[in-house]
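Student: build me a model:
(2 chains)
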Amino acid sequence: MRQSKLFGRTLREAPAEAQTPGHRLMLRAAIARPLAAGLYTWLPLGFRVQKKVEQIIREEQDRIGAQEMEMPVLTPAETWKQTGRWDMLEPITFRTTDHNGREFMVSYTHEEFVHLHAIQEIQSYKQMPQIVYHFQSKGRDEARPRAGLLRVREFVMKDAYSFDVDQPGLEKSYAAEYGAYERTFKRMGLDAISVESDTGAMGGDVAHEFQVLTEVGEDRIAICSNCDYRANMEKATRHMDDRRARADGVPPPSQIATPGMESIEALEASLKQPKDAFLKTLLFRDQSGKVVAVVLAGDRDVNEAKLRKALATGEVKFAGDADFAAAGAVPGYIGPVGLKARVLVDQGVGGGAYIAGANKKDAHLRDVVFGRDFAGERVDASDVRESDVCPKCKVGKLSIKRGVEVGNIFAYGTYYSEKMRATFVAEDGTQKPFVGGSYGIGVGRAVQTIIETHHDDKGIVWPAPVAPYQVHVIALPVNDEEVRAKAEGLVADLEKRSIEVLYDDRDETAGVKFADADLIGIPLRVTVSKRNVKQDSAELKLRSASESEMVPLGTAADRIGQIVGSWPR
RNA sequence: CGGGGUGUAGCGCAGCUUGGUAGCGCGCAGCGUUCGGGACGCUGAGGUCCCGGGUUCGAGUCCCGGCACCCCGACCA
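Tutor: Presented below is the predicted three-dimensional model:
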């Protein structure tokens, strides 16, 4: 490829809105361009990277016996309604109607549709296990697209779906995908770790995310200092020691005057008590408008993902003034005692005496005891935090790191097949529901995550397997007849060997060409210059190395072929 | 959806407080000199100043309304 013809210019400066290093480099190196909020066009260089990432994913899926297929982007509403997700996904999906008024969703994911096909194609237990996958665009009307390709509103996902006859079968498929993911991310240069995750909109129980730890990530991951426990904050729990403060001998609640103290911080400051001596009570509405109170220790924050799960709802919001009035509560002085609402009590609330709102203006109650003075359902609805004790080994301390979720795997079992009556004939002749899992990788997000984790101050340093080209040949200066002849001869020779070459034939100065080569980050740079040609040689330099190697022009192609051939694929 | 910010040439920005010829750097085109780390000179092209309304003799600038984009938070690959 002649660089003079390349569609896509490198930028000396990144647009102001680009914040993360990967976002800036992605734009500067002409990988992709924004079209609207959260919508990106791949330019030719980025498109090649995307295709290489896809190919790695494809090879690893094929290796475990998964079969590639393709389902449409537009999906009919009726099927979504069968599983209840038409309403649940309303806030984050793009929808449209055809000219007859029939409703469609831009596919958010494809569980429903792959089940529809499984019903038709798989009739007998003899046909399983099966894993199918496709690379398909997903539409998600994210409230806040972010950081270039890291969170967008339309993206290509590899999503795979397994069908098994029973739970042990599912576990095998799940393990096969788990292994495929480890190989896939490793091959593309990503150091992804698996973490336990919430199942969110996908339903089901067991799920892992593959996270690449980096400061630019938006997920928070709890990691144990001692064992292999790693979990997304949405899911992470902590070990709570058993010593329950005793309520014996605690006097009944008594009112204390707390004028103007409407926050835990204000109470902490004026009553000179630690935050965890208080109960924090928060009022929420779920998606259907039902109001619920969540009671937690004053030093803890509510975890909305856990709360949604506890309430089996798609959305929770803070309640309004009318809800407070209906519950007999006063904002700033709300407490669980005498509250007229469903009450959930976080597991971090102990059995001892707390100070809590009195549901009266300017008043709190001391000596409030859970189980004695108020009742409520026990739930886990709070965040873990730095230094909490690991729930698995009960020894290590948790630390919180940021990560980018590049892939995930869910074992949802019969969640969809039961709702859709997707069954097969089992060995005993009865109809049984498919036992399934789904497995996703965001391609564009993976590409930018590679950039986020493979760059220096000059530009991208592509891992060879995903680089847009393998070799960058630079002619210097290109208008020198002999230089150009030698460079073009070398390029032709390399291409004959099926080596992917970007040839910088632009009439630019050495500084511009080297700077662009560093920015674009192709693994091997080959300089054919007047100076080198005089000595009948070419300079080979790896993007990742600081020193270079001079080789005779006559054997340059051999040497380059040898280097390129030694790279992992 | 809550909070904050920004919209002026392809990109980065100034001009707005105090209304009066729309500017700078990079990039782009032509010519010449350069040619191993973002060269230099000369010439030139390129603008609905986000959109709509208002105030005014006159609006990029002031007022009102909208839209878009970015950042922080809540949600996802």
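Student: spell out which residues of the stretch 51-200 of chain A are next to RNA strand B.
Tutor: Listed as neighbours of RNA strand B in the stretch 51-200 of chain A under the rule CB under 7 Å from any atom of the strand: A:92, A:109, A:140, A:142-147, A:151-153, A:155, A:157, A:198, A:200. Where you see a C-beta, it was placed from the backbone N, CA and C, and this is true even at glycine.
Student: please repeat the previous calculation with a cut-off of 6 Å.
Tutor: Residues of the stretch 51-200 of chain A lying near RNA strand B by CB under 6 Å from any atom of the strand: A:92, A:140, A:142-147, A:151-152, A:155, A:157, A:200.
Student: OK, contacts around the residue lying closest to residue A:67 once chain neighbours are set aside?
Tutor: Leaving aside its sequence neighbours, residue A:67 sits nearest to residue A:132 (CB to CB, 6 or more residues apart in numbering; 5.2 Å). Applying CB atoms under 8 Å, 6 or more residues apart in numbering, we find residue A:132 in contact with A:66-69, A:114, A:117, A:160-161.
Student: filter the residues you listed down to the buried ones and hand me the PyMOL line.
Tutor: Buried residues among the contacts of residue A:132 (16 or more other CB atoms under 10 Å), as a PyMOL selection:
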select buried, chain A and resi 66+114+117+160+161
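Student: follow-up on the earlier one: for the residue nearest to residue A:67, list each beta-bridge partner.
Tutor: residue A:67, residue A:161 (DSSP bridges).
Student: which pLDDT value belongs to it?
Tutor: Note for residue A:132: predicted pLDDT of 97.
Student: just residue A:204 next, same as before
Tutor: For residue A:204, the predicted pLDDT is 56.
Student: how much space between the residue nearest to residue A:67 and RNA strand B?
Tutor: 17 Å (CB to the nearest atom of the strand, to the nearest Å).
Student: now the residue of the stretch 451-569 of chain A found nearest RNA strand B: phi and psi?
Tutor: Relative to RNA strand B, the nearest point of the stretch 451-569 of chain A is residue A:511 (2.4 Å; CB to the nearest atom of the strand). Phi and psi for residue A:511, reported as degrees, to the nearest 10, are phi -60, psi -50.
Student: from residue A:125, how far off is it?
Tutor: 67 Å (CB to CB, to the nearest Å).
Student: more crowded one of these two?
Tutor: residue A:125 (17 against 8; other CB atoms under 10 Å).
Student: for the more buried one, which non-adjacent residue is spatially closest?
Tutor: Per CB to CB, 6+ apart, closest to residue A:125 is residue A:165, 4.6 Å.
Student: that neighbour reaches residue A:128, doesn't it?
Tutor: Yes: using CB atoms under 8 Å, residue A:165 is in contact with residue A:128, at 5.2 Å.
Student: what about the longest strand in chain A?
Tutor: strand A:398-413 (DSSP state E).
Student: list the buried residues in that one.
Tutor: Buried, per 16+ other CB under 10 Å, within strand A:398-413: A:398, A:400-401, A:403-413.
Student: follow-up on the earlier one: how about the contacts made by the residue nearest to residue A:125?
Tutor: Residue A:165 makes contact with A:125, A:128-129, A:424, A:426-427, A:432, A:435 under the criterion CB under 8 Å, 6+ apart.
Student: cool, and residue A:530?
Tutor: A:476-477, A:480, A:482-483.
Student: enumerate the beta-bridge partners assigned to the residue nearest in space to the middle of chain A.
Tutor: With distances taken as CA atoms, centre = their mean, residue A:405 lies nearest the centre of chain A, 2.5 Å away. Beta bridges link residue A:405 to residue A:211 when assigned by DSSP bridges.
Student: so it touches residue A:214, yeah?
Tutor: No: counting by CB under 8 Å, residue A:405 sits too far from residue A:214 to count as a contact (11.4 Å).
Student: where in chain A is pLDDT low?
Tutor: For chain A, the stretches with pLDDT under 70 are A:198-205, A:242-247, A:314.
Student: now tabulate the contacts of residue A:132 in JSON lines and tack on distance to residue A:460.
Tutor: Shown next, in JSON lines, are the contacts of residue A:132 (distance: CB to CB, whole Å):
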{"residue": "A:66", "distance to residue A:460": "30"}
{"residue": "A:67", "distance to residue A:460": "34"}
{"residue": "A:68", "distance to residue A:460": "29"}
{"residue": "A:69", "distance to residue A:460": "33"}
{"residue": "A:114", "distance to residue A:460": "36"}
{"residue": "A:117", "distance to residue A:460": "39"}
{"residue": "A:160", "distance to residue A:460": "29"}
{"residue": "A:161", "distance to residue A:460": "34"}
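Student: give the burial count for residue A:557, as a bare number.
Tutor: 23.
Student: state the distance from it to residue A:117.
Tutor: Residue A:557 is 49 Å from residue A:117, by CB to CB.
Student: then residue A:265?
Tutor: Where residue A:117 is concerned, residue A:265 sits at a distance of 55 Å (CB to CB).
Student: mind listing what residue A:394 touches?
Tutor: Residue A:394 neighbours (CB under 8 Å, 6+ apart): residue A:239.
Student: need phi/psi at it.
Tutor: Main-chain dihedrals, residue A:394, degrees, to the nearest 10: phi 60, psi 20.
Student: counting neighbours, show which residues of the helix or strand just after the longest strand of chain A come out buried.
Tutor: Going down the chain from strand A:398-413, the next helix or strand is helix A:415-420, by DSSP states H and E. By neighbour count on 16+ other CB under 10 Å, the buried set for helix A:415-420 is A:415-417, A:419-420.
Student: same check, this time on stretch A:480-488
Tutor: A:480, A:483-484, A:486-488.
Student: for RNA strand B, tell me whether stretch A:467-483 is touching it.
Tutor: Yes: applying CB under 6 Å from any atom of the strand, one finds stretch A:467-483 touching RNA strand B at A:476-477, A:479.
Student: would you map the strands across the stretch 101-250 of chain A?
Tutor: A:103-106, A:130-139, A:154-164, A:192-196, A:206-213, A:219-224, A:230-232 (DSSP state E, counting those that start in this stretch).
Student: of the buried residues of helix A:415-420, closest to residue A:386?
Tutor: Residue A:386 has its nearest neighbour among the buried residues of helix A:415-420 in residue A:415, at 34.1 Å by CB to CB.
Student: verify the stated contact: residue A:281 with residue A:356.
Tutor: Yes: contact criterion CB under 8 Å: residue A:281 and residue A:356 qualify, at 6.7 Å.
Student: ok, now how distant is residue A:48 from residue A:543?
Tutor: Here residue A:48 is placed at a distance of 16 Å from residue A:543 (CB to CB).
Student: those two: which is more packed in?
Tutor: residue A:543 (22 against 19).
Student: what's the local residue count around residue A:509?
Tutor: 11.
Student: likewise the one 3 residues further on?
Tutor: Residue crowding around residue A:512 was assessed by other CB under 10 Å; the count is 14.
Student: since that was my last question, I'll sign off now.
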